[in-house]
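Visitor: One predicted model, sequence on top.
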Amino acid sequence: MANVLLLEKRGRIFVVTVNRPERRNAFNLEVAERIYDAFKQFDADDTLDVAVLTGAGGNFCAGADLHALASGEKRPFLPEGDFAPMGCTRLKLSKPVIAAVEGYAVAGGIEVACWCDMRVAAKSATFGVFCRRFGVPLVDLGTIRLPRLIGHSRAMDLILTGRPVNADEALTMGLANRVVEDGNALEAALEIAEQLSAFPQICMRADRLSAINQWSLDWDEAAKAEMNGGLPAVQAEAIAGASRFSGGTGRHGKF
């Protein structure tokens, strides 16, 4: 039996590949449980900085495995806790995850893609709430993340109609961050991951978490949390970074 989830360390980058190409990488319970565990382990591993999530066989993820659900597979549909029907989508990690999207990222697959910090899409990639036609609801934070990522009006268009969105439109609306040639999504995502890994990590992670956490805070609370989260980076990295800049490193937009 094939391994449904492939895990690989490439230096300080963690590559997670859903390996159910015969189901367009739809998640059954086994995938959900294993991807949840994999990302918990990634977050706790000090030797890893960035994760890249992708799918085998030319598709990202077609959502929940409806064949498995129709056959009686039980999923934990619980309103609390950090284990979601698609496994990882309620996890709040301290480090970034980049989605490398080839083919379909639909239904629960678009929710998993939206959980990631960035999305690199191949030109022929397709996003969409395809579960609309089957009466399967968005219960992996899709109704929350989509409006926050692309705006309420565009999100309602996708959520209500379930229509397909190609890569160019996804880029225009902010659903995709990069569009690359077919077959190059993983390579492009890994290049971004290496760039992120090369940055001072305390600062980058603090800024990332502040941007995520501010959604649930009012302005004053968010401002205070930003400062509190950034102070360790000032002490640990900013002074050294200022010294590098003063010495001529990284000027004129160079990385």
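Guide: Received the coordinates, thanks.
Visitor: Read off the pLDDT value for the residue lying closest to residue 50 once chain neighbours are set aside.
Guide: What sits nearest to residue 50 in space, not counting adjacent residues and going by Cβ to Cβ, 6 or more residues apart in numbering, is residue 193, at 4.1 Å. To be clear about C-beta, it is placed using only N, CA and C from the backbone, and glycine gets the same treatment. On pLDDT, residue 193 comes in at 98.
Visitor: low pLDDT regions in the stretch 1-150 of the chain?
Guide: Residue ranges of the stretch 1-150 of the chain with pLDDT under 70: 1.
Visitor: any chance you could map the strands in it?
Guide: 5-10, 13-18, 50-55, 97-101, 104-106, 118-122, 126-128 (DSSP state E, counting those that start in this stretch).
Visitor: which residues are contacting the fifth one?
Guide: With contact meaning Cβ atoms under 8 Å, 6 or more residues apart in numbering, strand 104-106 is reached by 24, 59-63, 99, 112-113, 119, 121, 125-131, 164.
Visitor: and with 7 Å instead?
Guide: 24, 59, 60, 61, 62, 63, 113, 125, 126, 127, 128, 130 (Cβ atoms under 7 Å, 6 or more residues apart in numbering).
Visitor: The fourth one now?
Guide: Contacts to strand 97-101, defined as Cβ under 7 Å, 6+ apart, come from residues 50-54, 60, 113, 116-122, 125, 185-186, 189, 192-193.
Visitor: Pairing partners for that strand, with directions?
Guide: strand 50-55 (parallel), strand 118-122 (parallel) (DSSP bridges).
Visitor: closest to residue 68 out of those?
Guide: Each of the strands paired with strand 97-101 was scored for nearness to residue 68 using Cβ to Cβ, and the closest is strand 50-55 (16.8 Å).
Visitor: List the contacts of the closest one.
Guide: 13-18, 25, 39, 42, 60-61, 95-100, 116, 185-186, 189-190, 193, 196-197.
Visitor: and with 8 Å instead?
Guide: Counting by Cβ under 8 Å, 6+ apart, 12-19, 21, 24-25, 39, 42, 60-61, 95-103, 112, 116, 185-186, 189-190, 193, 196-197 sit against strand 50-55.
Visitor: same deal with stretch 133-140?
Guide: Contacts with stretch 133-140, where a contact means Cβ under 8 Å, 6+ apart, come from 63-64, 66, 77, 84-86, 89-90, 107-108, 111-112, 115, 129, 131, 159, 162.
Visitor: Now the buried members of the contacts of strand 97-101.
Guide: 50-54, 60, 113, 116-122, 125, 185-186, 189, 192-193 (16 or more other Cβ atoms under 10 Å).
Visitor: picking up where we left off before, could you redo the strands of the stretch 1-150 of the chain as TSV and give each row distance to residue 34?
Guide: Shown next, in TSV, are these (distance: least, Cβ to Cβ, whole Å):
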stretch	distance to residue 34
strand 5-10	4
strand 13-18	9
strand 50-55	13
strand 97-101	16
strand 104-106	19
strand 118-122	22
strand 126-128	24
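Visitor: right, so of those, which gets closest to residue 174?
Guide: Short answer: strand 118-122, nearest of the strands of the stretch 1-150 of the chain by Cβ to Cβ, at 9.6 Å.
Visitor: How many neighbouring residues does residue 94 have?
Guide: 12 (other Cβ atoms under 10 Å).
Visitor: Distance check, it against residue 207.
Guide: 12 Å (Cβ to Cβ, to the nearest Å).
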